[in-house]
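Colleague: got a structure for you, letters missing:
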């Protein structure tokens, strides 16, 4: 009987503890499906400046890149059937100098636009951060902004 009460108390304490658990979460990686691995890899390396890192899977249809903060981007070449792209669903990244980034886009003839869709324009978000939107080779939208996180 005494053993049963102890076990019951332990279970109740564990249940209460599990219900109060609040995870600490950070971004580990982002994986996207691409149709042309080389073209996408070139875009993310040359336009966003991501460094290529070792692909731990060793699969030839996957390449890994790293953002400045260590978060990884995994490009996976496979069918995009059923994947739809729209501006509301986007990756957002901050750059250290948005005006220079926009000049680089213009020099490389990479189209960009404001949230409202104005070609070659930026806009300010409600929090005062300036942003532009670009699309990668598969049509995924990317918000590039000047949030001060450097």
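Modeller: Arrived safely, thanks for sending. Bear in mind that the values here come from a model prediction, so they are computed numbers and not experimental data. Residues are numbered from 1 along each chain as shown.

Colleague: Which residue ranges of this protein form helices?
Modeller: Counting by DSSP state H, residue ranges of the helices within the chain are 2-19, 37-46, 98-107.

Colleague: Run the chain-centre distance for stretch 49-67.
Modeller: If you compare the mean C-alpha spot of stretch 49-67 with that of the full chain, they lie 14 Å apart, counting by Cα atoms, centre = their mean, to the nearest Å.

Colleague: What is the end-to-end distance of that stretch?
Modeller: End-to-end span of stretch 49-67 (Cα to Cα, to the nearest Å): 8 Å.

Colleague: which of the residues in it are buried?
Modeller: Across stretch 49-67, burial judged by 16 or more other Cβ atoms under 10 Å covers 50, 62, 63, 64, 65, 67. Using the backbone N, CA and C atoms, a C-beta is placed for each residue, glycine as well.

Colleague: biggest separation within those residues, which pair?
Modeller: Spatially, the most separated pair among these is 62 and 67, at 17.1 Å (Cβ to Cβ).

Colleague: rank the helices of the chain by pLDDT, which is bottom?
Modeller: When those are compared on average pLDDT, helix 2-19 comes out lowest at a mean of 60.

Colleague: most centrally placed residue in the protein?
Modeller: The geometric centre of the chain, computed from its C-alpha atoms, lies nearest to residue 91 (Cα atoms, centre = their mean), at 4.6 Å.

Colleague: how about the closest residue to residue 79 other than its chain neighbours, what does it touch?
Modeller: With Cβ to Cβ, 6 or more residues apart in numbering as the criterion, residue 79 has its nearest non-adjacent residue at 7.5 Å, and that residue is residue 33. Residue 33 makes contacts with 76, 77, 78, 79, 80, 83, 138, as judged by Cβ atoms under 8 Å, 6 or more residues apart in numbering.

Colleague: Among those residues, which lie within strands?
Modeller: Cross-referencing the contacts of residue 33 against strands under DSSP state E gives 76, 77.

Colleague: ranking the contacts of residue 33 by neighbours, who comes first?
Modeller: Neighbours were tallied for each of the contacts of residue 33 (criterion: other Cβ atoms under 10 Å), and the maximum of 19 neighbours falls on residue 77.

Colleague: Specify the beta-bridge partners of that residue.
Modeller: The residues paired with residue 77 through beta bridges, assigned by DSSP bridges, are residue 34.
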